[in-house]
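In: predicted model and sequence follow; I will ask about them next.
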Amino acid sequence: IWTLCGGRGNVSNGAGAVISAAGSDTVGVQIGSSTGTVTNYGTIISSGGIAISFGGNGQNLLALGGGYRLIGTAAGAGTDTLELIGTAGNALSADYNALGLTSFENVLFGTGGYNTLLVSSTGTIGIMISGFNAPSEVLDLTGIGANGGIINRDTAADRITVSGSLGSLTLQFDSIFGPI
């Protein structure tokens, strides 16, 4: 287990590396009352359900790269961002619903492109999507079913609603302009 308290904490877990909670420790990585960044290309394992826990009121960042694996959820506090950091040689696919994010406000598509965010829910997801601007990036809205299409494009509020055979999903962006 990695536990960081006070100040700013950073944890980087490389490809093939494993951080595992064992015994009475149930959280794989815990950032206490600080602002923190966890960058994960490897595996972080929880024995109690929460793989990564951010504390405090700071701005926290969970950056996931191609090949990452979380066994457990990610719990935020303060202002929390999930950053997708796939690249041409190490593409990333992350399942928003399977991540079990709590108290995360933002999803940032990183500058490397080659990121796919799978969303299996309908309704509205309570996050702001930013950095979604490369042709190699994908929002895979599996929850809405087949034949999806934009039914509402609110440029004043930067929201788009997409509807398909199984329902609709409203997405909040930091900025939408041009054709979508």
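Out: Perfect, I can see it now. Residues are numbered from 1 along each chain as shown.

In: give me the distance from the top strand by length along the chain to the chain's centre.
Out: For the chain, the strand with the greatest residue count under DSSP state E is strand 43-54. Distance of strand 43-54 from the chain centroid (Cα atoms, centre = their mean, to the nearest Å) equals 15 Å.

In: list the buried ones in it?
Out: Residues Thr43, Ile44, Ile45, Ser46, Ser47, Ile50, Ala51, Ile52, Ser53, Phe54 are the ones in strand 43-54 that count as buried (16 or more other Cβ atoms under 10 Å). C-beta coordinates here come from the backbone N, C-alpha and C atoms, glycine included.

In: so the fifth one touches Ala21, yeah?
Out: By that I understand Ser47. Yes: judged on Cβ atoms under 8 Å, Ser47 makes contact with Ala21 at a distance of 4.6 Å.

In: overlap in contacts, these two.
Out: Contact criterion Cβ atoms under 8 Å, 6 or more residues apart in numbering; residues shared by Ser47 and Ala21: none found.

In: show me the helices in the protein, by range?
Out: 96-99 (DSSP state H).

In: related to what we said a few turns ago, which helices and strands sit right next to the longest strand of the chain?
Out: strand 18-20, strand 29-31, strand 35-40, strand 59-64, strand 69-75 (3 or more Cβ pairs under 8 Å, 6 or more residues apart in numbering; DSSP states H and E).

In: tell me what the fourth one is packed against?
Out: In terms of contacts (3+ Cβ pairs under 8 Å, 6+ apart), strand 59-64 is packed against strand 35-40, strand 43-54, strand 79-84.

In: distance of the residue nearest the centre of the chain from Gly66?
Out: The geometric centre of the chain, computed from its C-alpha atoms, lies nearest to Leu82 (Cα atoms, centre = their mean), at 3.6 Å. For Leu82, the distance to Gly66 equals 15 Å [Cβ to Cβ, to the nearest Å].

In: distance check, Gly86 against Gly113.
Out: Distance from Gly86 to Gly113, by Cβ to Cβ: 7 Å.

In: which one of the two has more residues nearby?
Out: Shown here are Gly86 and Gly113; by other Cβ atoms under 10 Å, Gly86 has more neighbours (24 against 18).

In: so who does the nearest residue to Thr155 once chain neighbours are set aside touch?
Out: Among residues not flanking Thr155 along the chain, Ile176 sits closest, at 5.9 Å (Cβ to Cβ, 6 or more residues apart in numbering). Contact partners of Ile176, counting by Cβ under 8 Å, 6+ apart, are Arg153, Thr155, Asp158, Arg159, Ile160.

In: so Asp174 sits against Ile129, correct?
Out: Yes: using Cβ under 8 Å, Asp174 makes contact with Ile129 at a distance of 7.0 Å.

In: out of those two, which sits in the more crowded spot?
Out: Ile129 (21 against 12).
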